[in-house]
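Chemist: predicted model and sequence follow; I will ask about them next.
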Amino acid sequence: MANPELNAEVLLNLGFVDVGRWELSGDFIAYEFDGEDADANQILFDASNALYAFVRGERVLYIGKTARSIRKRYVGYCRPGKRQATNLRCHHNIKTAIAEGLEIRIFAFAPITHLQYADFEINLAAGLEDSLIRAFDPPWNGREKGQPISEEAEREEAEEVERQGANSANDVVSKPAASGTTLASFSIVLGPTYYNKGFLNPGVEASRSLGNDGDPIRIVFSDGSQTVVSKINRTANRTGAVRVVGGNQRIAEWFQKHFREGDTVQCRVMDPHTIALVVP
């Protein structure tokens with residue numbers, strides 16, 4: 001049985017972010033980002049290995065984890081396949097609650113940390129999932145032998161395969177703002193530290209087009225490599241210029257795949273929370 005003291009506030013204190021709510025969209029459901037930080041918070045949906053929760057008032061109804069990204073995971077909730085038990089259950093519960101005039105909030109947890117054991121990065125979301133589900137005992141998580149169950153990455157993958165060939169969820173799922181415009185451009189020379197550590201400093205001019213200190217930021221790659229969700233730091237440089245902090249090892253690996261030490265990388269600020277790195 002869940003501890004009555006474990007409520008939505010506990011998740012927020014752990015670092016979950018209240019990003020939006022579920023809404024009806026015809027016969028299906030869709031999610032809507034809201035609040036003053038909506039533009040920044042939606043970046044969390046692009047982070048891999050993230051946790052999320054569905055909340056009504058102070059009660060935590062569901063806790064899930066995705067190995068890919070919340071944005072991709074929610075395709076199944078919006079338009080579940082006929083054999084997708086988890087998706088169907090949550091889809092039904094959300095629609096029923098909304099029809100009863102209840103608001104179902106969405107919390108996201110995509111910690112941008114440097115936690116490591118030896119040379120290996122620690123996946124904080126994966127480490128928390130089971131213990132949070134056991135403690136909160138969310139009623140929408142389903143049961144196995146009387147105990148709440150978590151979503152397995154293998155189950156997610158199997159469910160999403162069924163969706164291939166189905167109607168695109170782009171019309172019902174919110175997605176990042178797409179724009180062909182470039183707010184600012186900058187380049188970085190891959191000295192030894194940048195090349196090996198994945199540092200990314202846009203400089204003073206380009207930083208004027210970027211978000212606030214502490215905001216999440218997505219790093220996208222012109223070759224289609226998986227997006228890196230990082231964080232804006234404006235305190236590391238005395239000028240207040242942005243430093244991208246978090247996920248730097250993955251950025252370094254991309255540098256090393258496409259460039260040699262000493263090469264110059266062209267970069268574009270697409271919006272206040274998106275930087276694109278370009279392969280020549």
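Modeler: Received, thanks. Numbering: from 1, shown residues only.
Chemist: number of nearby residues for Y31?
Modeler: 24 (other C-beta atoms under 10 Å). All C-beta spots, glycine's among them, are computed from the backbone N, C-alpha and C.
Chemist: isn't it up against R21?
Modeler: Yes - counting by C-beta atoms under 8 Å, R21 is a contact partner of Y31 at 7.1 Å.
Chemist: check which helix or strand covers A53.
Modeler: In the assignment (DSSP states H and E), A53 maps to strand 50-56.
Chemist: can you name the next helix or strand after the helix or strand of the chain with the lowest mean pLDDT?
Modeler: Across the helices and strands of the chain, mean confidence by mean pLDDT, DSSP states H and E is lowest for helix 153-163: a mean of 48. Once the chain leaves helix 153-163, the next helix or strand it forms, by DSSP H and E, is strand 184-189.
Chemist: got the buried residues for that next one?
Modeler: Within strand 184-189, the residues scored as buried using 16 or more other C-beta atoms under 10 Å are A184, F186, I188.
Chemist: helix, strand or coil: sort out the residue lying closest to the second one once chain neighbours are set aside for me.
Modeler: I take that to be F186. Nearest residue to F186, sequence neighbours excluded (C-beta to C-beta, 6 or more residues apart in numbering): A206, at 4.2 Å. On the three-state scheme (DSSP: H, G, I helix; E, B strand; the rest coil), A206 is labelled helix.
Chemist: A206: how many residues sit nearby?
Modeler: Here the number of neighbours of A206 (other C-beta under 10 Å) works out to 20.
Chemist: distance of it from A276?
Modeler: Counting by C-beta to C-beta, to the nearest Å, the gap from A206 to A276 is 12 Å.
Chemist: ok, R134 next?
Modeler: R134 sits 41 Å away from A276, taking C-beta to C-beta as the criterion.
Chemist: more neighbours, those two?
Modeler: Taking other C-beta under 10 Å, R134 and A276 do not tie; A276 has more neighbours (16 against 12).
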